[in-house]
Structure formats: C-alpha cells, structure tokens
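Engineer: Next come a sequence and a model predicted from it.
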Amino acid sequence: MSEQVNVLLSIEPERYELREARAYVFELTRRDLFKLLGAGALVYCASTKAVALEESGRGQHRDEAMPKEIGAWLHIGEDGKITVFTGKVEVGQNIRTSLAQAVAEELHVPIAQIELVMGDTLLTPFDMGTFGSRTTPTMNLQLRKVSAAACDLLKDIAAKSWDVQRDQLVAAHGKITDPISKNSATYGELLKGRELAQLIPEQDPLLPATEWKIAGKPLAKAEGRDFVTGIHKYPSDQKRPGMLYGKVVRPSKFQATLISADVTAAEKMAGVVVVRDGEFIGVAAQSEEMASRAAAAIKTEWKAEPQPSNENLFDYLRKNPEARERFKLLIGSEFSSQCWSEQWSTLGDLHCPIHCPCPSGTARGVGGVER
C-alpha cells in the first residue's frame, strides 16, 4: 500500500440547509388588492429583517446568538409553577420530557412543577427550529444554563432578604433554605411574580453528570397517558367555528407542469370551494373526507420529463454522473498497489418527519389572524 492516499470530499449539505423555493406563487393583481382592501390609503413598509423573525430560521444566520435574558426562557409563578419557553417542538422524540429533566436538575425542582411552552412563535425565543438532532446538544445545554442562573439569582434574593451569606443557602424541592437560620421560602415566594431580570452569565458551573438525580434517568414520558388515552389533541384534532378542510391537488410527477384541469365535478359537490391560481389547484370543504373526495374528482393532465423509478434508479445514476449526489470519495488505483471492487444497492431513502404538519387559523377580517 502506498504511503499517500489522496481523498477528495465534497460533502452534500443537509436538506434543512437548503433554501427551497416556494412550491406555489399566488398571483394578486393591483386591482385585486384594492378590491380586497376597499377605499382608503395604503401605506406599505418593508423590513429587510422581517424574514429573520421566522422560527424556521430561513434568512437567519446560523451564528446568531440566542437571547441572554433568563426571563426569555423561564418564568416562575407565585404558585411555584415553572414555565419554560423553547422553539423546539415535540414530534415523538420525547424532548418535552428530556428538556424538563434538564431544567429540574439545575433548578432543583420536582419535574411535576415544570411546564414547557414549545414552538409557539409568539412566546418562545428564536432558536433555529427543530432539526438535525440539535435539541440535546444545544437546547438541553441552553436550558441547563438558564436554570442554573435562575437558581443563583434566587439564592442572591434570599441572601439579601435574610442578610446571610449566599454560600450557606441550599436549593432543593423548589425552595431556598438556610440550614443555620432555618429560614425557608419557595421560589414563588421569593420572586412574588417578578420576572427573572438578569442575564445568563458566560461562565456558570453546571452540575456534573455524576451528581444528576433527574436528568439522564428513566422517567415516564411527559403527558404520556394523554397520548395513549386520546386526550392529547394533535393539530388535526383542532376545531374552529366554521372551519374548512383543505386539500391540494398534487402533480403526478416531480417538477411536472400543469397542462389542463377539469374541476367541474368538484364544483358541483355541495359545500365545496375550488381554488385555482396558476398551476395551484386546491379545494376546501366542511370535512376532510369531502375535501379528499373533491380533490380526487378533479381531472388533471401534467407534463413531466422522464424520471427514473426504483426499478432503474441505479442504472440511471451510473449513466448520468451529473445526477449523482455531491458526496464523492475518489480513491483510484493510481494511489494504491491493490484495489478491491464491490457493488451493492439499497432503496432510496428520504429523511422526513413522521408527523403531519397541519396549521390552522381563524381569519378576522383583513390583516388579522387569530392564533
């Protein structure tokens, strides 16, 4: 074997790093806009940073710092209830439990006192979204730092109130106790509804794993009983007054172009509304079943370039180098005295969430959407 092996790597970015174009561009003419708004003056303001406010992180720099204020992540009520805010969402990976464990460990509170607010962009700080297995190494650590800082702040408040040394105070079971003076107060009693108005310190010792009593330990899934008994409400379970169910008529193939569409049958169905805008075709109805039937009744014709299937995918990739993935490992016989060749194949796989995103909202006239 030669001493030197040259390796050229061109790593393909993760799917979430790509900036996808919008699937549909809805056309709104100037006349349509003013017909919608009615009479009056229109003042238009554009913010170059507006896209940066999106929870998904599109348009946001990856190195943007997360909020430094303790209160942005954690609130302690007068009743001792701990509310934690995170942009991460639970999609079956059980992070509602693991993140609560992290907070309980550093804040020294029973896990039953903790409630997580997840993915609510009106309330939670920006933290890039849920992807790439980043919750445990980033958000778990962030909430540990937040909780440790909050615990230190509570000790400072108690020490000042009781005129004692901070180092002699003990945090446990949601209380600060002074073993010497026997003073004791719950976190809620110390804060009395005040916000945790302090920054997270750059350096704050965290509990080592060897001292963990809650984090990393077996624990029943948070709200697990609600999931198995049907009490938990998924997005698709939400009901709003006068709510309609929508279905999109999808192309027959990837990147297909719409040639024609016959929506006559769908339009004749009671309570069905057909939406057509360019190549977008959708239906709305009072039930999901009716919406599915209406979408299936629409006859469409699509134009698409020939595409490979599972049966000929590997032959296609071998014959079309430009279609291969950008990951390349080039080790040729010129770099080695011996070479081995082997060939194998497996079905193509796509990384995607196992849940079904299903947003819902209630329109309140022009310019307002009820959360």
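Structural biologist: Structure received.

Engineer: Please make it C-alpha for all contacts and neighbour counts, starting now.
Structural biologist: Fine.

Engineer: now the strands for this structure?
Structural biologist: Here the chain has its strands, by DSSP state E, at 74-76, 82-86, 114-118, 170-172, 175-177, 184-186, 245-248, 257-262, 273-277, 280-285, 299-303, 362-363, 369-370.

Engineer: Each with direction, which strands does the fifth one pair with?
Structural biologist: Sheet neighbours of strand 175-177, with direction, are listed as strand 170-172 (antiparallel), strand 184-186 (antiparallel) (DSSP bridges).

Engineer: how about those in JSON lines, adding distance to K239?
Structural biologist: Putting these into JSON lines (distance: least, Cα to Cα, whole Å) gives the following:
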{"stretch": "strand 170-172", "distance to K239": "42"}
{"stretch": "strand 184-186", "distance to K239": "39"}
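
Engineer: could the ones you listed go into CSV alongside mean pLDDT?
Structural biologist: Listed next are these as CSV, based on pLDDT from 0 to 100:
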stretch, mean pLDDT
strand 170-172, 95
strand 184-186, 95
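
Engineer: Make TSV from these and add distance to K268 and mean neighbour count to it.
Structural biologist: Shown next, in TSV, are these (distance: least, Cα to Cα, whole Å; neighbours: other Cα atoms under 10 Å):
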stretch	distance to K268	mean neighbour count
strand 170-172	66	17
strand 184-186	64	18
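
Engineer: looking at those, which is closest to P321?
Structural biologist: Of all those, the one in closest proximity to P321, counting by Cα to Cα, is strand 170-172 (62.2 Å).

Engineer: Mind listing residues that contact that closest one?
Structural biologist: Residues from elsewhere that reach strand 170-172, judged by Cα atoms under 8 Å, 6 or more residues apart in numbering: 107-109, 151, 155, 176-179.

Engineer: Buried subset of those residues, written for ChimeraX?
Structural biologist: Restricted to buried positions by 16 or more other Cα atoms under 10 Å, the ChimeraX selection for the contacts of strand 170-172 reads:
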select :107,108,109,151,155,176,177,178
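
Engineer: longest helix of this structure?
Structural biologist: Counting by DSSP state H, the longest helix found in the chain is helix 141-162.

Engineer: can you tell me the average pLDDT over it?
Structural biologist: Regarding helix 141-162, the rounded mean pLDDT is 94.

Engineer: What residues of it count as buried?
Structural biologist: Under the neighbour-count criterion of 16+ other Cα under 10 Å, helix 141-162 has 141-159 buried.
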